[in-house]
Structure formats: C-alpha cells, structure tokens
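1. Sequence first, predicted model second:
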Amino acid sequence: MRLFVALWPSQEALRDLDRAENRLRAAPDARNLRWAGEGGHHLTLAFLGEVPEESLPDLTARLERAARRHAPLPLRLAGGGRFGDRTLWVGVEGDVRGLGHLADSLAAGARRAGVEMEDRPFRAHLTLARGRPHRHTALRPFTELLTDFSSHEWTADHIDLVRSHPPAAGTPGAHPRYEVLHRWPLGH
C-alpha cells in the first residue's frame, strides 16, 4: 500500500488557501496545470511509498512514538514557490524548525521499521499544482501571485498515517483518494 505521513491545515487556513487558489486558477495558463484538488491539501512530513501490510505494526508503533516526542506546532501557510516548472507550492511559517525535527523523527522511525525512503532534506510546503507532461507552463507568474499570501495561524496537534488510492487509469482530472489509517496526537 502507498503511504505517507501528513499534517492537515485547519479549516480556517484551508478557506484562506481556497481564496488564494481561486485567484491562481483565474490566471492565464492555469488550465495547463494539474491542481491538487479538494480535500488534497496537506503537508507531507514523510513519504513512505509502497509499504507491505506486514510492516504496519512496527511502523505504526514507531510513528506513534515519534509523534509523542514532539509538541504541537503553531503554523501558518504563507507565500509560495516552485520546484522548477514542475510543482507550485505554498510555504509554511511558524515553528518550521520544530516541523523539520518532527519530519526527521518520522523518517528515522520509518527507516527503523524497514521502510526504504529517499534521503532528501525536508522542505515545509503544501503542493498546489503540478505541471502537465508535454505542456510547459512557467510557474513564476503563479508564485508572484502568492507573494503576499498568508493564512490564519493554527496549532498542528496531530499527524496522520495516510493511504493513497490512485485514481483509475485514463480518468482525466481524477485525483487520488486519501484514507487516514492512523491518527496520533503530538506531545502526549
């Protein structure tokens, strides 16, 4: 099963993001992007990839321990950026250092449970859209529209282990469906 550990912004922060995203979708070339879609806005703390079901007991125990070792985090979505012209994202402000430590702990726990993960530094962001293959779209104008964006602050007080169910092949505009398998409070 395809898994990741996520943190979800508050409903108030998501409403702020929705208003900003509506402006972005009205921009020229917006239809050339694949937007994350309703219900898909989250911060990925650890992408675990394909994990065998028999690994779940050890993995969930280690992720729960990692969550307990970290206090709730004051966060806010703010600004934006891009990874080349592949991915458009919104940034994160607040206790980003604590968020990075949490992400590192989750990755370490997953590795100890035998999950093979890419070894790349954590970068706090929420993906808004991706470029479509064979349709080059410059993302810089979109990031400029996000320069002054800032959501309401919220306290992230839990994390989720999420299973991603891919959309049916050949379904235009379809998005993965996310299923929360486990939820753990931070700092308890």
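-> Happy to help now that I have it. On a predicted model such as this, the values are computed, not experimentally measured, just so you know. Numbering: from 1, shown residues only.

2. Contacts for stretch 80-95, please.
-> Outside of stretch 80-95, the residues within contact range by C-beta atoms under 8 Å, 6 or more residues apart in numbering are 17, 20, 24, 33, 43, 73-79, 99, 124-131, 136-140, 142-143, 145-147, 149-150, 153. (C-beta placed from N, C-alpha, C; glycine too.)

3. same thing but at 6 Å, please
-> Defining contact as C-beta atoms under 6 Å, 6 or more residues apart in numbering, one finds that stretch 80-95 is touched by 73-79, 124-131, 138-139, 142-143, 146.

4. Please enumerate the strands of the protein.
-> Secondary structure of the chain, counting by DSSP state E: strands at 2-7, 33-35, 43-50, 73-83, 87-94, 125-131, 154-156, 158-165, 177-185.

5. returning to that earlier point: counting neighbours, which of the contacts of stretch 80-95 end up buried?
-> Among the contacts of stretch 80-95, those buried by neighbour count (16 or more other C-beta atoms under 10 Å) are 73, 75-79, 124-131, 139, 142-143, 146.

6. Okay, now the unreliable bits of this protein?
-> 38, 169-174 (pLDDT under 70).

7. what about the longest helix in the chain?
-> As assigned by DSSP state H, the longest helix anywhere in the chain is helix 96-112.

8. Which strands or helices does it pack on?
-> strand 43-50, helix 56-68 (3 or more C-beta pairs under 6 Å, 6 or more residues apart in numbering; DSSP states H and E).
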